[in-house]
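Undergrad: Just the structure for this:
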Amino acid sequence: MNMSRIDYTILIDKVTQEVKSIADDKVQGILTSLLNLIEALVAENNELRSENQRLRDEVNHLKGEQGKPSIRKQTKPNKNHSSEEERKKRNKDKSQRKKAKKKGKITKIRFEICSIDKKQLPTDAVFKGYQSVVIQDIIIKTDNIEFKKETYYSPSHKKTFIAPLPTGYQGTFGPTIRALIISLYYDLKMTESNIHKFFTDHGILISMGSISNFLINNQEEFHQEKRAIVMAGLTATNYQQMDDTSARVCGKNHYAHILCNEFYTAYFTRRYKDRLTIIEILTQDDMMFTFNEHTYSLMKEMGISNKMLNKVNARCSETNMNRQAIDIILNEFFPDQHKQLTNQRIILEASAIVAYQALPYAVTLLLTDDAPQYNKITPYHPLCWIHDGRHYKKLEPVCFVHREQIDNYLKRYWEYYDKLLDYKLFPSPTLALALKNEFDILFSTKTEYEKLDERISKTRSNKDQLLLVLDHPHLPLHNNDSELGAREQSRRRDISFHTMSQEGTQAKDTFMTIAKTSKKLAVNFYRYVCDRISKKYEMPSLDSLIVQLS
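TA: All right, here's what the predicted structure looks like:
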């Protein structure tokens, strides 16, 4: 009998409705086991169908034929595993948000009196003053300047002296144009071609090459600003958040790493996303390697053999070194660099972690998803509740009773999450103990759905990392801030598929960092960039604002 998924789902739903009404515990237990077996078989069947189709497509491809076309089904329901709604407290009514009043925020430039044709007024009309209406408008016009630079020639020195241009002016474009190009591209996400059209439509003669140069070249001052922002951000709080997303450089796959807290967001595009790359970012490319008792203990914990451990101890005892020095030693240990890669990785990672943790600005708490590259770098590794909650949403049982159990359990899950949010506002040792006990009860729950029980058990195994907020109430419960930063990188990929040079990649990271940090600090990005390009420095630096606010 050939049944569609919809048919057997309806049949299973009918059966599962009857299971609850069975009084015999033994029979009910047998039927519960059968329902879990059905779940496993359905999942296996779906996986085998997908694999079978892939193999058919591959066979057709080898025969010179075409496989099944990949056509996106418009009627397929959207599988939304996001927990964004649960991140916000559910008792907040969005409809109660008041609209911000604009009138007090509008800068008044000029006044103009609107007169009435007196002939239209009745003879007894009396003047009662004015009714004020503020109208917003904007004027876009060129401000081309011809600078006449004084020129002197000295016969005795055989040299010509020419007056310099005012500060901020160079080449044939003023600071306002250069700042606007950077703002339109990095902050407002316009393409270079659209920026070119914008300027030419308003009377500015500029080439695509000039626009590209303003976006990429000679940005050392801004690179220094980014570094200062990151250093200020690293010392502003004892926690940091990290995440990553894909990036392309010269057609090759890279990763954009996001490092942030409540005061800043910084971007770093790197070839890899391993543990050494994370440490390199946290040390601002000043990574060192330390060998001491802590290092050897960490190496052993990470699985290095005793033989190799003794060899490293004899060669590197109580030593600090840079990457060049440690590479020389690794070449001695491993003449064939393609062998024993695991041992090489452990030696590098353990010594880099110990060196990093000794730095004065080393992070104590690194909040991330559960990706393995973030483990062991910091003393504490808090995990994101939102990421954990998504795993429950990914469970897609076919049995009604199992779907009902997931819904009921998730309701309890997010109620507990709300209690943690309340605790952050009013922390106390008594409440912390009560929440720990409640965690044990909630995540020791047993249901009739095996996959749900496995997921609950995995959450319970992360108890220490999920409940670090009880000891550090200022710690966010989720990694949403870094995910929002990753979303900015995704939008950047939509505008420009990839960067074409190291300089371009560095400029992208720098200006995305300044733009995102400016937004967090309520600083106008365009005005800030213009202030720096014009060399006025009337606005305080972003790093000084971070220090001031932290």
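Undergrad: contacts, neighbours, all on C-alpha from now
TA: Fine.
Undergrad: what about residue 496, how many residues close to it?
TA: 14 (other Cα atoms under 10 Å).
Undergrad: Name the nearest residue to it, ignoring sequence neighbours.
TA: residue 191 (7.4 Å; Cα to Cα, 6 or more residues apart in numbering).
Undergrad: and the residue of the chain positioned farthest from its centre, how far is that from residue 113?
TA: Distance from the C-alpha centroid of the chain peaks at residue 123, with 69.1 Å (Cα atoms, centre = their mean). Going from residue 123 to residue 113 by Cα to Cα, to the nearest Å gives 22 Å.
Undergrad: And for residue 289?
TA: If you go by Cα to Cα, the gap between residue 289 and residue 113 works out to 73 Å.
Undergrad: Does residue 516 belong to a helix, a strand or coil?
TA: Per DSSP: H, G, I helix; E, B strand; the rest coil, the secondary structure class of residue 516 is helix.
Undergrad: Need the phi and psi values for the nearest residue to residue 287 once chain neighbours are set aside.
TA: Computed as Cα to Cα, 6+ apart, the closest residue to residue 287 that is not its neighbour in sequence is residue 280, at 5.6 Å. For residue 280, the backbone dihedrals (degrees, to the nearest 10) come out as phi -60, psi -40.
Undergrad: circling back to that earlier point, for the residue nearest to residue 496, grab the count of nearby residues.
TA: Close neighbours of residue 191, defined as other Cα under 10 Å, add up to 16.
Undergrad: ok, it touching residue 494?
TA: No: using Cα atoms under 8 Å, residue 191 is not in contact with residue 494; the gap is 9.8 Å.
Undergrad: still on that earlier bit, who has more neighbours, residue 289 and residue 113?
TA: residue 289 (22 against 8).
Undergrad: Test my guess that the more buried one contacts residue 324.
TA: No: Residue 289 is not in contact with residue 324 according to Cα under 8 Å; the separation is 10.3 Å.
Undergrad: how about the residue nearest to residue 496, what does it touch?
TA: 185, 495-496 (Cα atoms under 8 Å, 6 or more residues apart in numbering).
Undergrad: nearest to residue 549, of these?
TA: Among the contacts of residue 191, residue 185 lies closest to residue 549 (Cα to Cα), at 28.5 Å.
Undergrad: Domain boundaries for the chain, per the record?
TA: 1-48+385-478, 174-283+359-370+499-550, 286-356 (automatic domain parsing).
Undergrad: Out of those domains, indicate the one that is most buried.
TA: domain 174-283+359-370+499-550 (a mean of 18; mean count of other Cα atoms under 10 Å).
Undergrad: The residue nearest to residue 463 when sequence neighbours are not counted: helix or strand, and which one exactly?
TA: Closest residue to residue 463 apart from its sequence neighbours, by Cα to Cα, 6+ apart: residue 439 at 8.0 Å. Using DSSP states H and E, residue 439 maps to helix 429-442.
Undergrad: What is the next helix or strand after that helix packed up against?
TA: Where DSSP H and E defines the elements, the next helix or strand beyond helix 429-442 is helix 450-461. Counting contacts by 3 or more Cα pairs under 8 Å, 6 or more residues apart in numbering; DSSP states H and E, helix 450-461 packs against helix 385-393.
Undergrad: can you give me the strands in the chain?
TA: Per DSSP state E, the chain carries strands over the ranges 151-154, 159-162, 239-249, 252-260, 265-270, 289-291, 319-321, 365-367.
Undergrad: what does the longest one contact?
TA: Counting by Cα under 8 Å, 6+ apart, the neighbours of strand 239-249 from elsewhere in the structure are 234, 253-261, 269, 273, 363-369, 475, 479, 481-483, 486, 489-490, 493, 497-501, 505.
Undergrad: CA atoms only: put it into CSV for me.
TA: Presented in CSV, the C-alpha positions along strand 239-249 are these (Å, rounded to 0.1, in the frame of the first residue of the first chain):
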residue,chain,number,x,y,z
TYR,A,239,32.7,39.6,28.7
GLN,A,240,32.8,39.6,24.9
GLN,A,241,30.6,38.0,22.3
MET,A,242,31.8,36.3,19.1
ASP,A,243,30.3,34.8,16.0
ASP,A,244,31.3,34.3,12.4
THR,A,245,29.7,34.1,8.9
SER,A,246,31.0,33.4,5.4
ALA,A,247,32.9,36.0,3.4
ARG,A,248,34.7,35.9,0.0
VAL,A,249,38.1,37.4,-0.8
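Undergrad: Quick one: mean pLDDT for that strand?
TA: For strand 239-249, the mean per-residue pLDDT is 94.
Undergrad: the inter-axis angle of that strand versus strand 252-260?
TA: 160 degrees (axes from the mean of the first three to the mean of the last three Cα atoms, to 10 degrees).
Undergrad: Pull the distance from stretch 120-127 to the chain's centre.
TA: 65 Å (Cα atoms, centre = their mean, to the nearest Å).
Undergrad: per-residue confidence averaged over it?
TA: 90.
Undergrad: end to end, how far does it reach?
TA: So stretch 120-127: terminal residues 14 Å apart, Cα to Cα.
Undergrad: What of stretch 210-221?
TA: 19 Å.
Undergrad: any idea how far residue 483 is from residue 192?
TA: Distance from residue 192 to residue 483, by Cα to Cα: 26 Å.
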